[in-house]
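Enquirer: just the structure for this:
(chains A and B)
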Amino acid sequence: MLCDHQVVTDHLIDYIDGKLSPVMRKQVEDAMAECPSCKEAYLNAVALTQTAARWQDQPVPEWHRTEYAVRPRQQTSSWLNWTSLAASAMAILMVVFQVNISTSENGLQIAFGSQANVDAIVERKLAEYKQQQDTLLDARFVAAADKQDTARKLMMADMLDKTREERRDDLNFIVTGIQTQRFEDQAKLDKELLSLAQNQIENNQYISQLIQSANYSEGDK
Amino acid sequence: MFQLRKDEKLIEKALGGSQSSWVSLVKRYEGLVYNYCYRMTFNNSDAMDLMQEVYLAVYRNLPAYRGDGKFKSWMMRIAANKTTDFLRSRGRNPLHQAGDVLDDEFHTHDSPHSDYEEYAENKQIMKVLATLSEEHRMVVELKFFQHFTFEEISQQTGVAVSTLKTRLYAALQKLKGHMEVQNVV
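Expert: Residues are numbered from 1 along each chain as shown, chains lettered A, B, ... in the order given. Next comes the predicted model:
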(Lines give C-alpha, C1' and ligand atoms only; values in the text may rest on other atoms or scores of the structure.)
Protein backbone atom coordinates (compact mmCIF):
# COMPACT_ATOMS: atom_id res chain seq x y z
CA MET A 1 0.00 0.00 0.00
CA LEU A 2 1.35 3.39 -0.99
CA CYS A 3 1.85 5.67 2.08
CA ASP A 4 1.11 9.36 1.79
CA HIS A 5 2.84 9.93 5.18
CA GLN A 6 -0.16 12.01 6.27
CA VAL A 7 -0.94 10.10 9.46
CA VAL A 8 2.62 10.30 10.71
CA THR A 9 2.98 13.91 9.53
CA ASP A 10 -0.10 14.93 11.49
CA HIS A 11 0.37 12.91 14.65
CA LEU A 12 4.08 12.11 15.02
CA ILE A 13 4.81 14.62 17.79
CA ASP A 14 1.67 13.74 19.73
CA TYR A 15 2.61 10.08 19.34
CA ILE A 16 6.06 10.72 20.83
CA ASP A 17 4.52 12.83 23.61
CA GLY A 18 2.01 10.03 24.34
CA LYS A 19 -0.98 12.26 23.75
CA LEU A 20 -2.81 10.09 21.23
CA SER A 21 -5.85 7.95 21.80
CA PRO A 22 -5.26 4.19 21.52
CA VAL A 23 -7.02 4.09 18.16
CA MET A 24 -4.92 6.87 16.69
CA ARG A 25 -1.81 5.46 18.24
CA LYS A 26 -2.49 2.17 16.49
CA GLN A 27 -2.92 3.96 13.18
CA VAL A 28 0.41 5.72 13.55
CA GLU A 29 2.18 2.51 14.50
CA ASP A 30 0.63 0.70 11.53
CA ALA A 31 1.78 3.49 9.22
CA MET A 32 5.30 3.34 10.56
CA ALA A 33 5.35 -0.45 10.27
CA GLU A 34 4.34 -0.27 6.62
CA CYS A 35 6.35 2.81 5.54
CA PRO A 36 10.14 2.91 6.07
CA SER A 37 10.12 6.67 5.43
CA CYS A 38 7.64 7.27 8.24
CA LYS A 39 9.57 4.93 10.49
CA GLU A 40 12.76 6.88 9.78
CA ALA A 41 11.01 10.18 10.48
CA TYR A 42 9.90 8.80 13.83
CA LEU A 43 13.39 7.57 14.73
CA ASN A 44 14.92 10.88 13.70
CA ALA A 45 12.35 12.76 15.76
CA VAL A 46 13.18 10.70 18.85
CA ALA A 47 16.90 11.17 18.25
CA LEU A 48 16.38 14.88 17.73
CA THR A 49 14.49 15.13 21.02
CA GLN A 50 17.44 13.52 22.79
CA THR A 51 19.91 15.66 20.86
CA ALA A 52 18.13 18.87 21.76
CA ALA A 53 18.25 17.88 25.43
CA ARG A 54 22.03 17.61 25.19
CA TRP A 55 22.46 21.17 24.03
CA GLN A 56 24.62 23.12 26.44
CA ASP A 57 23.38 26.66 26.67
CA GLN A 58 25.92 29.19 25.54
CA PRO A 59 26.38 31.96 28.07
CA VAL A 60 25.27 35.32 26.78
CA PRO A 61 28.20 37.70 26.30
CA GLU A 62 28.00 40.87 28.33
CA TRP A 63 26.01 43.53 26.53
CA HIS A 64 24.36 46.84 27.21
CA ARG A 65 20.81 45.89 28.04
CA THR A 66 19.57 49.46 28.38
CA GLU A 67 21.53 50.97 25.49
CA TYR A 68 18.36 52.13 23.82
CA ALA A 69 17.23 53.56 27.15
CA VAL A 70 14.15 52.97 29.14
CA ARG A 71 11.26 55.31 28.65
CA PRO A 72 11.27 58.27 31.01
CA ARG A 73 9.55 57.57 34.25
CA GLN A 74 5.99 58.76 34.17
CA GLN A 75 5.25 61.80 36.26
CA THR A 76 4.03 60.82 39.65
CA SER A 77 1.14 62.86 40.94
CA SER A 78 2.29 66.46 40.67
CA TRP A 79 0.38 67.63 43.75
CA LEU A 80 2.61 65.41 45.86
CA ASN A 81 5.73 67.11 44.47
CA TRP A 82 4.30 70.56 45.05
CA THR A 83 3.18 69.68 48.56
CA SER A 84 6.61 68.37 49.49
CA LEU A 85 8.25 71.44 47.94
CA ALA A 86 5.95 73.78 49.87
CA ALA A 87 6.56 71.87 53.11
CA SER A 88 10.33 72.10 52.62
CA ALA A 89 10.15 75.83 51.89
CA MET A 90 7.98 76.36 54.96
CA ALA A 91 10.41 74.45 57.15
CA ILE A 92 13.35 76.49 55.86
CA LEU A 93 11.52 79.78 56.45
CA MET A 94 10.58 78.72 59.96
CA VAL A 95 14.21 77.99 60.74
CA VAL A 96 15.42 81.26 59.20
CA PHE A 97 12.88 83.40 61.06
CA GLN A 98 13.21 81.40 64.25
CA VAL A 99 9.51 80.75 64.42
CA ASN A 100 8.50 79.71 67.90
CA ILE A 101 5.10 78.11 68.29
CA SER A 102 3.91 77.65 71.82
CA THR A 103 0.66 77.06 73.60
CA SER A 104 -0.34 78.81 76.76
CA GLU A 105 -3.50 79.69 78.66
CA ASN A 106 -4.16 82.37 76.08
CA GLY A 107 -4.05 79.80 73.33
CA LEU A 108 -1.62 79.22 70.51
CA GLN A 109 1.22 81.73 70.29
CA ILE A 110 3.49 82.16 67.32
CA ALA A 111 6.64 84.21 67.84
CA PHE A 112 9.40 85.09 65.40
CA GLY A 113 12.62 84.78 67.42
CA SER A 114 13.06 86.69 70.74
CA GLN A 115 11.89 90.34 71.11
CA ALA A 116 15.44 91.63 71.73
CA ASN A 117 16.61 89.98 68.59
CA VAL A 118 13.75 91.40 66.64
CA ASP A 119 14.43 94.95 67.98
CA ALA A 120 18.11 94.66 67.20
CA ILE A 121 17.38 93.40 63.75
CA VAL A 122 14.83 96.17 63.14
CA GLU A 123 17.26 98.80 64.50
CA ARG A 124 20.07 97.48 62.35
CA LYS A 125 17.87 97.30 59.30
CA LEU A 126 16.63 100.87 59.88
CA ALA A 127 20.18 102.16 60.31
CA GLU A 128 21.23 100.39 57.15
CA TYR A 129 18.21 101.76 55.36
CA LYS A 130 18.89 105.32 56.62
CA GLN A 131 22.52 105.11 55.58
CA GLN A 132 21.50 103.79 52.26
CA GLN A 133 18.96 106.56 51.79
CA ASP A 134 21.51 109.24 52.83
CA THR A 135 24.01 107.93 50.40
CA LEU A 136 21.39 107.89 47.70
CA LEU A 137 20.26 111.45 48.49
CA ASP A 138 23.84 112.74 48.54
CA ALA A 139 24.52 111.10 45.28
CA ARG A 140 21.33 112.54 43.86
CA PHE A 141 22.21 116.08 45.08
CA VAL A 142 25.67 115.87 43.65
CA ALA A 143 24.27 114.66 40.39
CA ALA A 144 21.68 117.48 40.32
CA ALA A 145 24.33 120.11 41.12
CA ASP A 146 26.57 118.78 38.43
CA LYS A 147 23.74 118.80 36.00
CA GLN A 148 22.76 122.36 36.88
CA ASP A 149 26.35 123.58 36.66
CA THR A 150 26.76 121.99 33.29
CA ALA A 151 23.51 123.54 32.08
CA ARG A 152 24.57 126.94 33.34
CA LYS A 153 27.92 126.70 31.62
CA LEU A 154 26.29 125.65 28.44
CA MET A 155 23.81 128.52 28.67
CA MET A 156 26.57 131.05 29.32
CA ALA A 157 28.62 129.77 26.46
CA ASP A 158 25.64 129.91 24.21
CA MET A 159 24.79 133.45 25.33
CA LEU A 160 28.36 134.62 24.80
CA ASP A 161 28.38 133.13 21.37
CA LYS A 162 25.17 134.85 20.49
CA THR A 163 26.29 138.24 21.90
CA ARG A 164 29.55 138.04 20.04
CA GLU A 165 27.75 137.24 16.88
CA GLU A 166 25.32 140.11 17.31
CA ARG A 167 28.18 142.50 18.01
CA ARG A 168 29.96 141.30 14.94
CA ASP A 169 26.81 141.82 12.89
CA ASP A 170 26.35 145.32 14.28
CA LEU A 171 29.93 146.26 13.54
CA ASN A 172 29.63 144.87 10.08
CA PHE A 173 26.50 146.91 9.57
CA ILE A 174 28.17 150.10 10.79
CA VAL A 175 31.31 149.55 8.76
CA THR A 176 29.27 148.77 5.70
CA GLY A 177 27.17 151.91 6.30
CA ILE A 178 30.26 154.09 6.71
CA GLN A 179 31.87 152.61 3.65
CA THR A 180 28.70 153.13 1.65
CA GLN A 181 28.48 156.69 2.87
CA ARG A 182 32.13 157.24 1.99
CA PHE A 183 31.60 155.85 -1.49
CA GLU A 184 28.55 158.04 -1.91
CA ASP A 185 30.42 161.11 -0.63
CA GLN A 186 33.35 160.36 -2.87
CA ALA A 187 31.06 159.97 -5.86
CA LYS A 188 29.34 163.22 -4.98
CA LEU A 189 32.65 164.96 -4.55
CA ASP A 190 33.90 163.58 -7.82
CA LYS A 191 30.77 164.79 -9.50
CA GLU A 192 31.07 168.25 -7.99
CA LEU A 193 34.72 168.46 -8.92
CA LEU A 194 33.88 167.44 -12.41
CA SER A 195 31.12 170.04 -12.53
CA LEU A 196 33.47 172.62 -11.11
CA ALA A 197 36.11 171.71 -13.62
CA GLN A 198 33.64 171.98 -16.42
CA ASN A 199 32.50 175.37 -15.11
CA GLN A 200 36.12 176.43 -14.92
CA ILE A 201 36.66 175.34 -18.48
CA GLU A 202 33.59 177.23 -19.54
CA ASN A 203 34.74 180.25 -17.60
CA ASN A 204 38.17 180.01 -19.14
CA GLN A 205 36.61 179.76 -22.60
CA TYR A 206 34.39 182.66 -21.82
CA ILE A 207 37.30 184.65 -20.54
CA SER A 208 39.31 183.73 -23.62
CA GLN A 209 36.48 184.82 -25.83
CA LEU A 210 36.21 188.02 -23.87
CA ILE A 211 39.93 188.59 -24.20
CA GLN A 212 39.81 187.87 -27.89
CA SER A 213 36.88 190.18 -28.32
CA ALA A 214 38.69 192.79 -26.39
CA ASN A 215 41.76 192.27 -28.48
CA TYR A 216 39.71 192.57 -31.67
CA SER A 217 38.18 195.74 -30.41
CA GLU A 218 41.59 197.25 -29.68
CA GLY A 219 42.85 196.24 -33.07
CA ASP A 220 39.97 197.91 -34.78
CA LYS A 221 40.77 201.02 -33.00
CA MET B 1 0.92 31.36 35.99
CA PHE B 2 3.14 32.89 38.62
CA GLN B 3 5.80 33.50 35.96
CA LEU B 4 3.19 35.04 33.68
CA ARG B 5 2.07 37.41 36.40
CA LYS B 6 5.62 38.26 37.20
CA ASP B 7 6.38 38.96 33.52
CA GLU B 8 3.42 41.27 33.31
CA LYS B 9 4.44 43.09 36.44
CA LEU B 10 7.95 43.60 35.10
CA ILE B 11 6.54 44.80 31.78
CA GLU B 12 4.24 47.23 33.55
CA LYS B 13 7.11 48.63 35.59
CA ALA B 14 9.41 48.77 32.55
CA LEU B 15 6.75 50.70 30.67
CA GLY B 16 6.59 53.06 33.62
CA GLY B 17 10.32 53.75 33.19
CA SER B 18 11.85 51.24 35.56
CA GLN B 19 15.23 50.33 34.19
CA SER B 20 15.79 47.52 36.66
CA SER B 21 12.49 45.87 35.68
CA TRP B 22 13.46 45.96 32.04
CA VAL B 23 16.87 44.49 32.81
CA SER B 24 15.24 41.73 34.89
CA LEU B 25 12.88 40.92 32.04
CA VAL B 26 15.74 40.84 29.53
CA LYS B 27 17.92 38.70 31.75
CA ARG B 28 15.10 36.21 32.27
CA TYR B 29 14.92 35.35 28.57
CA GLU B 30 18.17 36.49 27.03
CA GLY B 31 19.82 33.07 27.37
CA LEU B 32 16.92 31.44 25.55
CA VAL B 33 16.89 34.08 22.83
CA TYR B 34 20.64 34.13 22.44
CA ASN B 35 20.91 30.34 22.07
CA TYR B 36 18.00 30.35 19.66
CA CYS B 37 19.74 33.05 17.62
CA TYR B 38 22.98 31.12 17.82
CA ARG B 39 21.46 27.91 16.51
CA MET B 40 19.78 29.85 13.73
CA THR B 41 22.82 31.87 12.64
CA PHE B 42 25.70 29.49 13.64
CA ASN B 43 27.74 32.50 14.61
CA ASN B 44 28.34 34.19 17.98
CA SER B 45 28.62 37.64 16.54
CA ASP B 46 25.51 37.30 14.38
CA ALA B 47 23.65 35.75 17.31
CA MET B 48 24.55 38.75 19.44
CA ASP B 49 23.48 41.21 16.76
CA LEU B 50 20.26 39.34 16.16
CA MET B 51 19.47 39.09 19.88
CA GLN B 52 19.97 42.81 20.28
CA GLU B 53 17.69 43.45 17.31
CA VAL B 54 15.08 41.19 18.88
CA TYR B 55 15.23 43.00 22.21
CA LEU B 56 15.16 46.38 20.53
CA ALA B 57 11.99 45.32 18.71
CA VAL B 58 10.57 43.88 21.92
CA TYR B 59 11.29 47.13 23.71
CA ARG B 60 9.74 49.23 20.97
CA ASN B 61 6.65 47.04 20.79
CA LEU B 62 6.28 46.57 24.50
CA PRO B 63 3.43 49.12 24.79
CA ALA B 64 1.55 47.06 22.19
CA TYR B 65 1.83 43.86 24.26
CA ARG B 66 -1.68 43.35 25.49
CA GLY B 67 -0.90 40.56 27.91
CA ASP B 68 -3.40 38.26 26.26
CA GLY B 69 -0.84 35.48 25.88
CA LYS B 70 2.48 34.34 27.25
CA PHE B 71 5.15 36.98 26.99
CA LYS B 72 7.60 34.30 25.90
CA SER B 73 5.44 33.38 22.91
CA TRP B 74 4.97 37.02 22.00
CA MET B 75 8.70 37.64 22.27
CA MET B 76 9.56 34.54 20.22
CA ARG B 77 7.18 35.71 17.50
CA ILE B 78 9.27 38.85 17.26
CA ALA B 79 12.41 36.72 17.37
CA ALA B 80 11.12 34.51 14.53
CA ASN B 81 10.32 37.53 12.36
CA LYS B 82 13.65 39.15 13.10
CA THR B 83 15.47 35.90 12.39
CA THR B 84 13.77 35.53 9.02
CA ASP B 85 14.70 39.11 8.10
CA PHE B 86 18.23 38.66 9.39
CA LEU B 87 18.89 35.41 7.51
CA ARG B 88 17.40 36.90 4.37
CA SER B 89 19.66 39.94 4.56
CA ARG B 90 22.66 37.78 5.41
CA GLY B 91 21.87 35.54 2.46
CA ARG B 92 22.16 38.58 0.23
CA ASN B 93 25.55 39.41 1.68
CA PRO B 94 28.19 38.00 -0.69
CA LEU B 95 30.82 38.13 2.06
CA HIS B 96 28.93 35.63 4.18
CA GLN B 97 30.33 32.12 3.92
CA ALA B 98 27.96 29.60 5.44
CA GLY B 99 30.71 27.03 5.74
CA ASP B 100 32.76 29.20 8.07
CA VAL B 101 30.18 29.59 10.76
CA LEU B 102 30.72 26.25 12.44
CA ASP B 103 34.35 27.07 13.07
CA ASP B 104 33.30 30.00 15.18
CA GLU B 105 34.91 30.06 18.62
CA PHE B 106 32.82 29.19 21.62
CA HIS B 107 32.89 31.20 24.78
CA THR B 108 35.29 30.19 27.50
CA HIS B 109 33.84 28.48 30.53
CA ASP B 110 35.23 27.27 33.83
CA SER B 111 37.67 24.67 32.59
CA PRO B 112 39.27 23.96 29.23
CA HIS B 113 38.09 20.35 29.44
CA SER B 114 34.44 21.23 29.88
CA ASP B 115 34.88 23.89 27.20
CA TYR B 116 35.93 21.24 24.77
CA GLU B 117 33.12 18.87 25.74
CA GLU B 118 30.45 21.49 25.39
CA TYR B 119 32.02 22.75 22.23
CA ALA B 120 32.09 19.25 20.76
CA GLU B 121 28.50 18.47 21.78
CA ASN B 122 27.08 21.73 20.53
CA LYS B 123 29.19 21.60 17.41
CA GLN B 124 27.71 18.19 16.50
CA ILE B 125 24.21 19.53 17.02
CA MET B 126 24.99 22.57 14.91
CA LYS B 127 26.30 20.37 12.15
CA VAL B 128 23.03 18.45 12.13
CA LEU B 129 21.02 21.67 12.06
CA ALA B 130 23.21 23.04 9.27
CA THR B 131 21.92 20.31 6.95
CA LEU B 132 18.48 21.88 7.09
CA SER B 133 17.14 24.83 5.16
CA GLU B 134 16.27 27.95 7.15
CA GLU B 135 12.53 27.29 7.22
CA HIS B 136 13.05 23.65 8.20
CA ARG B 137 15.57 24.68 10.85
CA MET B 138 13.09 27.21 12.21
CA VAL B 139 10.36 24.62 12.77
CA VAL B 140 12.84 22.11 14.27
CA GLU B 141 14.19 24.84 16.53
CA LEU B 142 10.79 25.98 17.76
CA LYS B 143 9.49 22.43 18.19
CA PHE B 144 12.46 20.52 19.60
CA PHE B 145 14.48 23.22 21.30
CA GLN B 146 11.79 25.70 22.37
CA HIS B 147 9.04 23.09 22.87
CA PHE B 148 6.26 25.24 21.48
CA THR B 149 3.03 23.65 20.26
CA PHE B 150 2.25 23.76 16.57
CA GLU B 151 -0.46 26.34 17.29
CA GLU B 152 2.05 28.57 19.05
CA ILE B 153 4.58 28.14 16.27
CA SER B 154 1.87 28.99 13.78
CA GLN B 155 1.10 32.22 15.66
CA GLN B 156 4.77 33.11 15.84
CA THR B 157 5.65 32.42 12.23
CA GLY B 158 2.34 33.07 10.53
CA VAL B 159 2.52 29.65 8.85
CA ALA B 160 -0.44 27.25 8.91
CA VAL B 161 -0.25 24.31 11.31
CA SER B 162 -0.61 21.79 8.48
CA THR B 163 2.26 23.43 6.61
CA LEU B 164 4.38 23.36 9.74
CA LYS B 165 3.73 19.65 10.20
CA THR B 166 4.64 18.97 6.59
CA ARG B 167 7.82 21.00 6.97
CA LEU B 168 8.74 19.13 10.12
CA TYR B 169 8.22 15.78 8.42
CA ALA B 170 10.37 16.93 5.51
CA ALA B 171 13.03 18.18 7.92
CA LEU B 172 13.09 14.83 9.71
CA GLN B 173 13.49 13.13 6.35
CA LYS B 174 16.45 15.37 5.54
CA LEU B 175 18.16 14.41 8.76
CA LYS B 176 18.47 10.89 7.37
CA GLY B 177 22.00 9.69 8.03
CA HIS B 178 23.02 12.68 10.15
CA MET B 179 21.09 11.58 13.20
CA GLU B 180 22.79 8.16 13.12
CA VAL B 181 26.13 9.90 13.60
CA GLN B 182 24.59 11.96 16.36
CA ASN B 183 23.29 8.87 18.14
CA VAL B 184 26.78 7.41 18.19
CA VAL B 185 28.07 10.62 19.83
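
Enquirer: tell me the domain boundaries of chain B?
Expert: Domain segmentation of chain B under automatic domain parsing yields B:1-93, B:112-185.

Enquirer: which helix is the longest one in chain A?
Expert: Scanning chain A for the helix with the most residues, using DSSP state H, yields helix A:115-220.

Enquirer: what packs against that helix?
Expert: Using 3 or more C-beta pairs under 8 Å, 6 or more residues apart in numbering or on different chains; DSSP states H and E, no helix or strand is in contact with helix A:115-220. For glycine as for every other residue, the C-beta is placed from the backbone atoms N, C-alpha and C.

Enquirer: return the mean pLDDT over that helix, rounded to an integer.
Expert: Averaged across helix A:115-220, pLDDT comes to 91.

Enquirer: least reliable of the domains of chain B going by mean pLDDT?
Expert: Looking at those, the lowest mean pLDDT belongs to domain B:112-185 (a mean of 83).

Enquirer: quick one: is that one near chain A?
Expert: Yes: if you take C-beta under 8 Å from any C-beta of the partner chain as the test, domain B:112-185 does meet chain A, through B:118, B:121-122, B:125, B:128, B:140, B:143-145, B:150, B:162, B:165-166, B:168-169, B:172-173, B:175-176, B:179, B:182-183.

Enquirer: and these, which of them are buried?
Expert: Among the residues of domain B:112-185 next to chain A, the ones that count as buried by 16 or more other C-beta atoms under 10 Å in any protein chain shown are B:118, B:122, B:125, B:128, B:140, B:143-145, B:150, B:165-166, B:168-169, B:172, B:175, B:179, B:182.

Enquirer: among these, which are in helices?
Expert: Secondary structure from DSSP H places B:118, B:122, B:125, B:128, B:140, B:150, B:165-166, B:168-169, B:172, B:179, B:182 of those in helices.

Enquirer: okay if I get those as a markdown table plus distance to residue A:4?
Expert: Shown next, in a markdown table, are these (distance: C-beta to C-beta, whole Å):
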| residue | distance to residue A:4 |
| --- | --- |
| B:118 | 41 |
| B:122 | 36 |
| B:125 | 31 |
| B:128 | 27 |
| B:140 | 22 |
| B:150 | 19 |
| B:165 | 13 |
| B:166 | 11 |
| B:168 | 16 |
| B:169 | 11 |
| B:172 | 16 |
| B:179 | 23 |
| B:182 | 28 |
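
Enquirer: out of those, what pair is the most spread apart?
Expert: Spatial extent of these (C-beta to C-beta) is set by the pair B:118 and B:166 at 33.8 Å.

Enquirer: roughly how far apart are the spatially most central residue of chain B and chain A?
Expert: Among the residues of chain B, residue B:36 comes closest to the average C-alpha position under C-alpha atoms, centre = their mean, at 2.2 Å. Distance, residue B:36 to chain A, using C-beta to the nearest C-beta, to the nearest Å: 10 Å.

Enquirer: coming back round to it: what would the domains of chain B look like in JSON lines with distance to residue A:186?
Expert: As requested, these are exported to JSON lines (distance: least, C-beta to C-beta, whole Å):
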{"stretch": "domain B:1-93", "distance to residue A:186": "113"}
{"stretch": "domain B:112-185", "distance to residue A:186": "129"}
